[in-house]
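> how would this look folded up:
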Amino acid sequence: MKLTIKFRLMEMEDIDDVVEIEHQSFATPWSREAFYNELVNNQFSTYIVMEENEKVVGYCGTWIVVDEAHITNIALLPAYRGKGLGELLLNNVINLVKEMGAISMTLEVRISNYTAQSLYRKLGFEPGGIRKNYYSDNNEDALVMWVNL
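Predicted coordinates:
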């Protein structure tokens, strides 16, 4: 079965779907209020949702400050993982931030998340440092990765 995937900017009506993806993806998920604030109050943020048959199945948030994009979060519903859709989503976001003037992009990823690190490396991200005890749920370190766009 072929998936029909679309990308668009996140809207207020998407917050509940995105929060559900957060809860299925992360040990310390962002709250509904956090996403609301990102959409309404953060002039630096841009969020993209990925839809399949009008259903939000993934999203990615970025902050763009001057010419640097920072991925705040990226996730897919568990049923959509392992199908190349994370790469599709991230490529879409990379193209968007380049259009918006970004010349580099950075993110943090758990030291233990080899699957995500592999995807990021495939798209040209390279390790740039460690943030000690970055994740509050278990004090795991984060690997900081960078790519020049």
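> so where do the helices sit in this structure?
Remark: helices of the chain, listed N- to C-terminal, are 15-25, 32-40, 85-99, 114-122; assignment by DSSP state H.
> go through those and name the closest to residue 148.
Across those, residue 148 has its closest neighbour in helix 85-99 (10.8 Å, C-beta to C-beta). Bear in mind the C-beta positions are built from the backbone N, C-alpha and C, glycine included.
> residues contacting that closest one, please?
3, 5, 7, 46, 48, 50, 57-60, 62, 64, 69, 71, 74, 76, 105, 116, 119-120, 122-123, 147, 149 (C-beta atoms under 8 Å, 6 or more residues apart in numbering).
> picking that back up, of the helices of the chain, which approaches residue 128 most closely?
Comparing the helices of the chain against residue 128 with C-beta to C-beta, the closest turns out to be helix 114-122 (11.2 Å).
> in JSON lines, list the helices of the chain along with distance to residue 134, mean neighbour count and mean pLDDT.
As requested, these are arranged in JSON lines below (distance: least, C-beta to C-beta, whole Å; neighbours: other C-beta atoms under 10 Å; pLDDT from 0 to 100):
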{"stretch": "helix 15-25", "distance to residue 134": "17", "mean neighbour count": "17", "mean pLDDT": "97"}
{"stretch": "helix 32-40", "distance to residue 134": "17", "mean neighbour count": "15", "mean pLDDT": "97"}
{"stretch": "helix 85-99", "distance to residue 134": "20", "mean neighbour count": "18", "mean pLDDT": "96"}
{"stretch": "helix 114-122", "distance to residue 134": "14", "mean neighbour count": "15", "mean pLDDT": "94"}
